[in-house]
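>>> Sharing a model prediction with you, sequence too.
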Amino acid sequence: MDWDARYKYIFNQILNMTDDGFIVVDKDGVVTDINDQYCDFLGINKSQAIGGCITNIISNSKMIDIVKNVYNEEGVIHKFVEGETKDKDNDFLLVSRSCVLDEDEEVVAGVAQVKFRFNTLDSAKKLMKEYMELEFFKEEYNKINNKKFSFDEIVGRNSKFLEMKKTAYKASKNAFPVLITGESGTGKEVFACSIHYNSARRDKPMVSINCGAIPYELLESELFGYEEGSFSGAIKGGKDGKFIQADGGTIFLDEIGDMPINMQVKLLRVLQENEVDKIGGKSPIPIDVRVIAATRRNLIEMVKQGKFREDLYYRLNVINIEMIPLRNRPEDIDLFSSYFLSMLNNEYKSIVTITEEARVCLQHYAWPGNIRELNNVIKSAYATCDDFVIQLTDLPSKMVTKHNVQKSNGLDNHLLKNMVEEYESSIIKEYLRNCNWNCMEASEKLGIHRSLLYKKIHKYGIELEK
Ligand SMILES: Nc1ncnc2c1ncn2[C@@H]1O[C@H](COP(=O)(O)OP(=O)(O)OP(=O)(O)O)[C@@H](O)[C@H]1O
């Protein structure tokens, strides 16, 4: 046996000794060798494979690409085209592909090795299954998100609210900064998401940050990121800030009114220059980010008091959306109650309803926590009600007491003035309680001067709890 024949004999022995499948192609993708195991897996004999292009037997083979573009791949999943394997349920494998180069670095062959060992095949199957599931959930997630944030899904029929919705819709068609103001729980974040997910940026990230919840020392690194070693405790490799993460998309700066003034200066620079400086970075990084900011505070008042930079205010406030408190859109209270209840009924396949009396009680409440509070009240009433009906007694006692007082007042003393005063007193108490009895904050939220609030507290004999 000459040296070449001997060599070929040993090579074939090796190919057939292993548990793996091997296929060898020349630099044009023509099959020069294939072992019995691989032939068996494909359900073909050697003569059908050797001498023909590899795509004749594996139509989606990557080997031609590997030999043409000279690269290797290690342990990737290959899914065979339906009907190209002997067993149609065994149609994916773990494969490693590599080029064989001669002494002049020219490609002489390409080799693919596939793993048949059961444990490897099982892992490949599991991986493939998980990969498919992941792809499925990604698609579903996008479908749900797009639906969830569609403007049609935003509940409300109040005419002012519909105007706001129109403004938000128009804002989704450009990339100007948006400032959304309004009390907590009125739906500022819902609007911000709808603007982003209906804009041309929808396939890029929407990154949110609560400027009021992060201590000043951390806020800068959260927003702008840092380079490795720029301070003690900095993680290896540094970190991208929220602005860089949101590149191409939208950043939602929630509670912007709580941003410390020296951070406002840095933010203004980013908005003016469209670039960020990482902490410890050598040069600024250009960014393309749409800014949507939100606050429950009165920024104009804060500008007057020198607590918020005027130049930043104007930069953020190109499009302004002022959310309406729920108590000022009474026609929507019932709508929201039905909406939240139907969401629960859908989720738990139930048919819970709500009595007229409970509806009236919801209608008369001042809702200092706005839509979020209403959602919570419906959820907890749903969880506690008997016989699939939400009754007055399933609502929080503070609401029921007020409702009963109003009802008896209505019978005994239904002068408009008395009714208005009763309502006013209850709203003031509610706000004070929600602001931890801080008169300054409550007066700001109620939109009245502090001295007027004191007068009313005195008039209604409201006791301030400490
Ligand atoms: N128009 C709407 N339709 C349906 N659900 C809404 C609507 N507006 C608000 N919600 C719901 O009300 C809750 C509060 O909304 P959101 O978080 O957007 O308010 P927010 O004004 O940003 O509050 P905060 O200032 O406290 O962050 C959420 O659960 C949200 O899903």
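On my side now, so go ahead.
>>> use CA for all of it now, contacts and neighbours both
Fine.
>>> neighbouring contacts of stretch 244-259?
189, 192, 196, 201-212, 224-225, 242-243, 276, 287-299, 308 (CA atoms under 8 Å, 6 or more residues apart in numbering).
>>> Please see if that stretch touches the ligand.
No - judged by CA under 6 Å from any ligand atom, stretch 244-259 makes no contact with the ligand; its nearest approach is 7.0 Å.
>>> Quick one: mean pLDDT over that stretch.
The average pLDDT within stretch 244-259 is 95.
>>> what kind of secondary structure is the residue lying closest to I235 once chain neighbours are set aside in?
Counting by CA to CA, 6 or more residues apart in numbering, I235 lies nearest to E228, which is 6.5 Å off, once chain neighbours are set aside. Following DSSP: H, G, I helix; E, B strand; the rest coil, E228 is assigned to coil.
>>> helix/strand/coil for the residue of the stretch 301-450 of the chain at minimum distance from the ligand?
Residue of the stretch 301-450 of the chain nearest the ligand, by CA to the nearest ligand atom: R372 (4.0 Å). The three-state assignment at R372 reads helix, by three-state DSSP.
>>> on that earlier part again, give the contact list for the residue nearest to I235.
E228 neighbours (CA under 8 Å, 6+ apart): A234, I235, K236, G237, G238, K239, G280.
>>> Tell me how far the third one lies from the ligand.
Here the distance between K236 and the ligand works out to 33 Å (CA to the nearest ligand atom, to the nearest Å).
>>> got a list of what that residue touches?
E228, G229.
>>> Swap in 10 Å and give it another go.
E227, E228, G229 (CA atoms under 10 Å, 6 or more residues apart in numbering).
>>> how about it, secondary structure?
Relying on three-state DSSP, one would call K236 coil.
>>> what residues does the stretch 101-250 of the chain put near the ligand?
I154, V155, G156, S184, G185, T186, G187, K188, E189, V190.
>>> Reformat these as CSV; add secondary structure and pLDDT.
Below are those laid out as CSV (DSSP: H, G, I helix; E, B strand; the rest coil; pLDDT from 0 to 100):
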residue, secondary structure, pLDDT
I154, coil, 90
V155, coil, 91
G156, coil, 92
S184, coil, 92
G185, coil, 94
T186, coil, 95
G187, coil, 94
K188, helix, 95
E189, helix, 94
V190, helix, 94
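>>> Could you turn the buried ones of those residues into a PyMOL selection?
Here is the PyMOL command that picks out the buried ones among those, judged by 16 or more other CA atoms under 10 Å:
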select buried, resi 156+184+185+186+187+188+189
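>>> ok, G280 touching E220?
No - applying CA atoms under 10 Å, one finds G280 not in contact with E220, separated by 11.6 Å.
>>> Looking at these two, which is more packed in?
E220 (20 against 14; other CA atoms under 10 Å).
>>> Quick check: the gap between the nearest residue to that one once chain neighbours are set aside and F224.
The shortest distance from E220 to any non-neighbouring residue, by CA to CA, 6+ apart, is to M263 (7.2 Å). Going from M263 to F224 by CA to CA, to the nearest Å gives 11 Å.
>>> who's more crowded, those two?
F224 (23 against 15).
>>> and the spatially closest residue to the more buried one that is not a sequence neighbour, what are its phi and psi?
Nearest in space to F224, with sequence neighbours left out and distances taken as CA to CA, 6+ apart, is G241 at 4.2 Å. Main-chain torsions, G241, degrees, to the nearest 10: phi -80, psi 180.
>>> Pretty sure V111 sits against L101.
No - the criterion here is CA under 10 Å, and V111 misses it with L101 at 11.1 Å.
>>> Overlap in contacts, the two.
In contact with both V111 and L101: V67, using CA under 10 Å, 6+ apart.
>>> Which one of these two is surrounded by more residues?
Taking other CA under 10 Å, V111 and L101 do not tie; V111 has more neighbours (22 against 15).
>>> And the more buried one, how far from the ligand?
Distance from V111 to the ligand, by CA to the nearest ligand atom: 55 Å.
>>> Give me the phi and psi angles of that residue.
phi -120, psi 130.
>>> Please name the spatially closest residue to it (chain neighbours excluded).
In space, V111 is closest to V24, 4.6 Å off (CA to CA, 6+ apart).
>>> okay, the one you found: pLDDT?
Per the predicted model, pLDDT is 94 at V24.
>>> Leaving out sequence neighbours, find the closest residue to S96.
E74 (4.4 Å).
>>> Mind telling me what element M343 is part of?
If you go by DSSP states H and E, M343 is part of helix 331-348.
>>> no no, V114
strand 107-115.
>>> per-domain residue ranges of the protein.
Per automatic domain parsing, the domain ranges recorded for the chain read 3-122, 149-324, 328-459.
>>> So which of those is the most surrounded?
Highest mean neighbour count of the domains of the chain: domain 149-324, a mean of 18 (counted as mean count of other CA atoms under 10 Å).
>>> Make sure F243 is actually in contact with Y226.
No - using CA under 10 Å, F243 is not in contact with Y226, being 11.9 Å away.
>>> Quick one: distance of the strand holding V114 to the chain centre.
43 Å (CA atoms, centre = their mean, to the nearest Å).
>>> try stretch 293-312
Worked out by CA atoms, centre = their mean, stretch 293-312 lies 28 Å from the chain centre.
>>> What mean pLDDT does it get?
94.
>>> Equivalent analysis for stretch 161-170, please.
Rounded mean pLDDT across stretch 161-170 is 95.
>>> again, but for stretch 132-151
69.
>>> quick revisit: could you give the angle of the strand or helix carrying the residue nearest to S96 to strand 107-115?
Taking DSSP H and E as the criterion, E74 maps to strand 73-79. Using axes from the mean of the first three to the mean of the last three CA atoms, to 10 degrees, the direction of strand 73-79 lies 60 degrees away from that of strand 107-115.
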